[in-house]
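Novice: output the structure for:
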Amino acid sequence: MDPDLSEFSFGFALTSELIARHKLKRAGAPVFATQLEEAKPGGGWDMKLPALPIYLQFKRSDRMVLRTAKHAAKFASMPFYRMHLRRSLHSQQHQLLLDLENKGNHVFYAAPGFSTSEELSDAYVKDQMTKRSLFVSPSAIGKLKDDKAHHVAFQLPGPVFFCSEPVRINPTDIDALLSNVVPEQATSVDEVDANEFFRGVADDLLSVYESRESVPQQRRLELQLLRERREPAEFAGLIARTLFDVDLLVATRADA
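Specialist: From the prediction side, this is the model:
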């Protein structure tokens with residue numbers, strides 16, 4: 001059954017909950033009148049703090065309801081869901097995300113354990129978006145060894161399989177990661193101001209991208225001009241979205 005919700009609406013609802021629950025910050029987010037306190041020196045992005053980028057690639061999920069569906073035998077009950085990966089024949093996306101993760105970043109595919117806008121609304125109003133979503137790191141899937149179509153078949157809280165030939169993989173408990181692991185990692189990160197942090201993030205993204213994709217000189221010039229016209233946080237967010245198709249969120253130390 002095809003999903004009737006968009007990746008955009010799923011991503012918006014999920015990131016809204018993550019931001020509220022774990023006090024994440026969104027790269028390049030505009031400052032509204034209600035955020036004047038954060039706009040003062042020492043607030044919001046003006047403060048120096050240990051910070052870590054979090055990259056999320058949003059997917060939709062197909063609901064499988066028939067026992068005749070391929071790999072249905074792997075599940076004790078129905079339905080189960082499929083999150084499709086882009087074929088390496090047409091896109092380097094998975095490899096780019098794997099490269100980004102291999103540099104020590106937190107990178108995840110995020111997919112809903114539901115497929116309708118009504119279920120999305122129910123999960124959102126009940127603050128159950130993370131609980132009812134799957135998070136899988138590129139490294140859990142591994143390198144795609146061929147150009148065939150691949151997907152992740154799953155139920156929540158499990159099991160989860162990488163297919164076409166099903167191999168069981170481990171999803172990530174994103175709430176535990178953001179509550180425990182990330183704050184501990186942030187304590188070992190040197191404090192930098194926001195502009196310096198986001199310049200480094202953009203440099204990392206461009207380095208990973210250019211290692212896999214040929215970038216014409218004209219495109220390099222366009223990116224440089226864009227960088228000169230945008231604030232570092234906005235530019236990093238744009239690069240993450242346009243080159244990697246990921247949302248860039250930022251986690252900080254809890255007491256920062």
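Novice: I'd say Phe2 and Ser61 touch.
Specialist: Actually, residue 2 is Asp. It isn't Phe. No - assessed by Cβ atoms under 8 Å, Asp2 is found out of contact with Ser61, at 10.1 Å. The C-beta positions use only the backbone N, C-alpha and C, and glycine is treated the same way.
Novice: between those two, which one's more packed in?
Specialist: A direct count of neighbours by other Cβ atoms under 10 Å for Asp2 and Ser61 places Ser61 higher, at 26 against 7.
Novice: what residues does that one make contact with?
Specialist: 3, 81-83, 111-115, 134 (Cβ atoms under 8 Å, 6 or more residues apart in numbering).
Novice: pull out the buried residues from these.
Specialist: Buried members of these, counted by 16 or more other Cβ atoms under 10 Å: 3, 81-83, 111-115, 134.
Novice: could I get the residues you listed as TSV with secondary structure and pLDDT?
Specialist: Formatted as TSV, the buried ones among the contacts of Ser61 follow (DSSP: H, G, I helix; E, B strand; the rest coil; pLDDT from 0 to 100):
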residue	secondary structure	pLDDT
Pro3	coil	76
Tyr81	strand	97
Arg82	strand	97
Met83	strand	96
Ala111	strand	98
Pro112	strand	97
Gly113	coil	97
Phe114	coil	96
Ser115	coil	94
Leu134	strand	98
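Novice: one step back: go through the contacts of Ser61 and name the one nearest Lys70.
Specialist: Among these, Arg82 lies closest to Lys70 (Cβ to Cβ), at 9.3 Å.
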